[in-house]
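>>> The following comprises the amino acid sequence and a computationally predicted model.
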Amino acid sequence: MPNLPRTKPPVILAPTKTAPLVTTGLANKGRPRVQMADIAHMAGVSASTVSRALSGSPLIPEATRTRIAELARSLNYRVNIGAANLRKRGVQTIGVVILGDNEQMISDPFLLSILGSVADALDERGVSLLLTRLKKDRQHVLTDLVESGQVGGLIVVGQLTLHEHLNELARQGFPMVVWGANLPDALYPVVGGDNAMGGFLATQHLIEHGCRRIAFFGDISHPEAALRYQGYTRALLEAGIEPDPNLLQSFLFGDSRVRGVINHWLDQQFSFDAIFASSDVTAISLIGTLTERNIAVPSQVRLVGYDDIALAQNVHPTLSTIRQPTHEAGRALVDLLFDAIAGQPRRSVVLPASLIVRESSA
C-alpha cells in the first residue's frame with residue numbers, strides 16, 4: 001500500500017446545503033392512503049361528521065352513520081384508535097420502534113442521539129414515548145401497538161428489509177414516520193440525511209488528497225448505506241477511477257464482530273490508501289485495528305467515517321466524518337408524525353450532509 005506523506009492536520013468545517021429538501025405528494029407506485037377527508041367528500045358531509053359517525057355518536061342520524069360506515073368499509077378505511085385518543089385527551093404516547101436484529105443496536109451513539117432529540121421534541125408537546133425494538137420476525141408488533149390504542153402513532157428508526165411492510169402499513173392508514181433512506185416508492189413519510197451526497201463528499205475529499213484506492217465499509221443491502229455507496233461510486237467515476245469490488249467490505253451497522261471482519265479483510269492484503277466507513281463506530285474500530293497492525297492513520301491510510309458522533313473528535317487521530325444533524329432530525333420526525341395523525345398530505349424531509357475534516361484524513 002502507498003506510504004502517503006504526513007501533512008499538518010487542519011480543522012475545516014465544510015457544510016453543504018444549509019436548508020433541508022422537502023418533498024411532498026404521494027408516491028407513483030401503490031395506492032394512496034384513504035383519509036377521513038376523502039370519505040367526507042364522497043359522502044357529502046364534513047370531516048367532523050365522519051369522525052362522529054365512525055365513533056358511533058348519537059348526534060349523527062342512524063341512516064347517515066350507516067352510510068358513512070359502509071363507505072369507509074368499502075374503502076378499507078381503518079379507524080386509528082390511538083390517534084382518536086390523542087385528539088380526545090390531548091396527551092398520549094407515541095411509539096418509537098427501532099428496527100434491527102443486533103442486540104447492541106440501541107446503544108449505538110448515533111441512535112442514542114436520534115432518540116434523545118425525538119424525546120425532547122415529544123416532551124415539548126406533552127407526549128410520552130414508548131420505546132421498543134423490532135426484529136424482522138415480529139412485524140405484527142407495529143400493527144398491534146396502534147390498533148391496541150397503546151400509542152397514537154409510530155416513529156420507526158431504520159428500514160432494513162421491511163420497506164414493503166412499512167408501505168403496506170401506510171396503505172392501511174397507520175400514522176407513522178420513518179427515519180431512513182428516502183426511497184422513490186415509499187408511501188410513508190421519511191426523515192433522513194442526504195446519504196448519496198454524504199458518500200460523494202467523503203470520497204471526493206479523499207480523492208482530492210491524492211487517494212486512488214479507496215475502500216468502502218458498509219452493508220449496501222441497507223438502504224442508507226446503499227445510497228452512501230452510490231455517492232462513493234459517483235465520486236470515483238467522476239475522477240476516472242474504476243470501482244474495485246475487492247475494496248467493498250460488507251457488514252451491518254453496529255455488528256459486534258466488526259474487528260473480526262476488518263482483520264479478515266486486511267489479511268487478504270488488498271492494495272488501498274484510504275477507507276470510507278459508512279458509520280463512525282466502524283471507522284473508530286478501523287483506527288484501532290489499523291494501529292494494531294502498525295498501519296498509520298493518516299500517513300499511510302486516510303479515513304473518513306459517517307454520523308459525527310461525539311466520540312469522533314475525542315479519538316486519536318480525531319475522525320473526519322459526515323455530520324448528520326440529529327437535533328433537526330428528531331424535531332422533523334415528530335412534526336411529520338403529527339402531520340400524519342392530523343391527516344395532512346404525506347411529505348418527506350431530506351436533511352443536508354456536511355463534511356467535517358479532522359486529522360484522520362488530513
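Yep, it's here.

>>> Endpoints of stretch 208-215, how far apart?
Stretch 208-215 has an end-to-end distance of 15 Å (Cα to Cα, to the nearest Å).

>>> Check the offset of it from the chain's centre.
28 Å (Cα atoms, centre = their mean, to the nearest Å).

>>> go on, stretch 350-362?
On Cα atoms, centre = their mean, the centre of stretch 350-362 falls 18 Å from that of its chain.

>>> Report the rounded mean pLDDT for it.
Regarding stretch 350-362, the rounded mean pLDDT is 96.

>>> Straight-line length of it, end to end?
Where stretch 350-362 begins and where it ends lie 28 Å apart, using Cα to Cα.

>>> can you pull out the strands in the stretch 51-200 of the chain?
93-99, 128-134, 154-157, 176-179, 190-193 (DSSP state E, counting those that start in this stretch).

>>> Show me the shaky parts of this protein.
Low-confidence segments of the chain (pLDDT under 70): 1-33, 48, 59, 78-91, 101-105, 136-137, 251-256.

>>> So it: which segments form each domain?
Domain assignment for the chain by automatic domain parsing gives 12-21+194-324+356-361, 25-33+81-193+328-351, 35-75.

>>> any chance of these in a markdown table, plus mean neighbour count?
Every C-beta, even on glycine, is put in place using the N, C-alpha and C of the backbone. Below are these laid out as a markdown table (neighbours: other Cβ atoms under 10 Å):
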| stretch | mean neighbour count |
| --- | --- |
| domain 12-21+194-324+356-361 | 19 |
| domain 25-33+81-193+328-351 | 19 |
| domain 35-75 | 15 |
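
>>> OK, contacts around the nearest residue to residue 247 once chain neighbours are set aside?
Using Cβ to Cβ, 6 or more residues apart in numbering and skipping residues adjacent in sequence, the residue nearest residue 247 is residue 215, 4.1 Å away. Neighbouring residues of residue 215 by Cβ atoms under 8 Å, 6 or more residues apart in numbering: 247-249, 270, 272, 274-276.

>>> middle-most residue in the protein, spatially?
Centroid-nearest residue in the chain, with Cα atoms, centre = their mean: residue 180, separated by 2.1 Å.

>>> Kindly tell me how buried residue 76 is, as a neighbour count.
11 (other Cβ atoms under 10 Å).

>>> That one and residue 38 touch, don't they?
No: assessed by Cβ atoms under 8 Å, residue 76 is found out of contact with residue 38, at 11.8 Å.

>>> before we move on, the earlier item: does the residue nearest to residue 247 belong to a helix or a strand, and which?
strand 214-217 (DSSP states H and E).

>>> Can you show me the CA trace of the helix or strand just after that strand as CSV?
Note on strand 214-217: by DSSP H and E, the next helix or strand toward the C-terminus is helix 223-238. Only the C-alpha atoms of helix 223-238 are listed here, as CSV (Å, rounded to 0.1, in the frame of the first residue of the first chain):
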residue,chain,number,x,y,z
PRO,A,223,-31.0,1.4,2.2
GLU,A,224,-28.9,4.2,3.8
ALA,A,225,-25.6,2.5,3.3
ALA,A,226,-26.6,1.7,-0.3
LEU,A,227,-27.1,5.4,-1.0
ARG,A,228,-23.7,6.3,0.6
TYR,A,229,-22.1,3.7,-1.7
GLN,A,230,-23.9,5.3,-4.6
GLY,A,231,-22.3,8.6,-3.8
TYR,A,232,-18.9,6.9,-3.3
THR,A,233,-19.2,5.3,-6.7
ARG,A,234,-20.2,8.5,-8.4
ALA,A,235,-17.2,10.4,-6.9
LEU,A,236,-14.8,7.6,-8.1
LEU,A,237,-16.2,7.6,-11.7
GLU,A,238,-16.2,11.4,-11.9
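
>>> For helix 223-238, enumerate the helices and strands it packs against.
Applying 3 or more Cβ pairs under 8 Å, 6 or more residues apart in numbering; DSSP states H and E, we find helix 223-238 packed against helix 195-208, strand 214-217.

>>> what's the distance between the residue nearest to residue 247 and residue 282?
Separation of residue 215 from residue 282 (Cβ to Cβ, to the nearest Å) stands at 11 Å.

>>> next one: residue 182
23 Å.
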